[in-house]
Structures are given as C-alpha cells and as structure tokens.
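> give me the fold of what follows.
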Amino acid sequence: MLLHVAYQQYRINKQRLQLDERRFKHEVYERRLAVFRGLMKFISTVEREAYVTGADLANLVRATAEKEFLFDTDICDWLEELYRKSLRNCTNSLRLNDTQAPLTKGPARDKVVDENTEILRWLHEQIPLVRDKFAKHLKLIP
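Predicted structure coming up:
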C-alpha cells in the first residue's frame, strides 16, 4: 500500500514537472514572439515613414528590452546594430529638419542625406532576415 502511494506521488510530481516545463516554454515563446512583433512593427513603420522618430526608437527599446534573456548573442548583437543605425537615422533626420539651425544645401547636408539613405536601405534589407533570425526561436514544429 505504501509503495502504491509513493508511486502515485511520483507520477503526480512527474506530471506537474512536465506541465511546468510546458508553461515555461509557452511563456518564453510568447515573450520571444512579442519581440518579433515589436521589431516587425518598428521596421514597417520606418518603411512607411522613411525615417526613424524618437517614439519609434522608444518602441524598439521597449520591444527588445528583454533580448539578452531570451535570445543568443547573434540576435542580440544584430538588434543592437539595428538600434544604433536607427538612432543615427533619427539624429540625422532631426539635424535635417532643425528649424533653428538647418543644414543648408551643400556637402554637409548631402553627406547626412546619403548616410540616411544608406541606413534606410540597410533597414529595408533586414526585413527578410528578421524571419530567418527568429525562426529557430519561434518554430513550433521541430
């Protein structure tokens, strides 16, 4: 009888552990998916507007705040690069549109415009990479 009770407790504990593991995996999946969605929203906004705003950057930071806990260094480094380039685009856009000290026509303005164009091109090229980079972390069927 005692052996039967011990065996039943073992089975219950094993089922609890399996359930906890499934819950944990689901929670991690949901957090990773939120980063993916936030990133896709950011990129689509930049694609539509053709520049990065401070609000866009804040949304990107908020969406990727837990990246180090959810992803490998490859994705984290890539997200950092994406942030740095986006920040540079935002700064350049502010300089170009500054009403108090505008960049007038000339080499300095051309350089900033060229840099922004290159950043936007790079961001556009990241769209197909987002799915590739996140695929191994979001794939439901192995």
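
> all contacts plus neighbour counts: C-alpha atoms, from now on.
Noted.

> give the contact list for the nearest residue to residue 87 once chain neighbours are set aside.
Leaving aside its sequence neighbours, residue 87 sits nearest to residue 57 (C-alpha to C-alpha, 6 or more residues apart in numbering; 7.0 Å). Going by C-alpha atoms under 8 Å, 6 or more residues apart in numbering, residue 57 touches 83, 86-87.

> do you know how far residue 57 is from residue 11?
Noted for residue 57: a distance of 49 Å to residue 11, by C-alpha to C-alpha, to the nearest Å.

> could you do residue 77 as well?
Residue 77 is 43 Å from residue 11, by C-alpha to C-alpha.

> ok, back up a step: the residue nearest to residue 87: which element?
Secondary structure from DSSP states H and E places residue 57 in helix 54-63.

> and the residue at minimal distance from the centre of the chain, how far from residue 109?
For the chain, the residue whose C-alpha lies nearest the mean C-alpha position (C-alpha atoms, centre = their mean) is residue 39; its distance is 4.2 Å. Distance, residue 39 to residue 109, by C-alpha to C-alpha: 29 Å.

> likewise residue 103?
Distance from residue 103 to residue 109, by C-alpha to C-alpha: 6 Å.

> now stretch 41-54: how far from the chain's centre is it?
Put simply, stretch 41-54 sits 14 Å off its chain's centre (C-alpha atoms, centre = their mean, to the nearest Å).

> for it, give me every contacting residue.
Contacts to stretch 41-54, defined as C-alpha under 8 Å, 6+ apart, come from residues 56, 59-60, 86-87, 89-90, 93, 120, 123-124, 127.

> from those, pick the one nearest residue 25.
For these, the minimum distance to residue 25 (C-alpha to C-alpha) is 23.9 Å, reached by residue 60.

> before we move on, the earlier item: overlap in contacts, residue 103 and residue 109.
In contact with both residue 103 and residue 109: residue 96, using C-alpha under 8 Å, 6+ apart.

> distance of the residue found closest to residue 29 once you drop the neighbours it is linked to in the chain relative to residue 26?
Residue nearest to residue 29 in three dimensions, not counting chain neighbours: residue 138, with 6.4 Å by C-alpha to C-alpha, 6+ apart. Residue 138 is 10 Å from residue 26, where distance means C-alpha to C-alpha.

> that's all I had, so thanks and see you.
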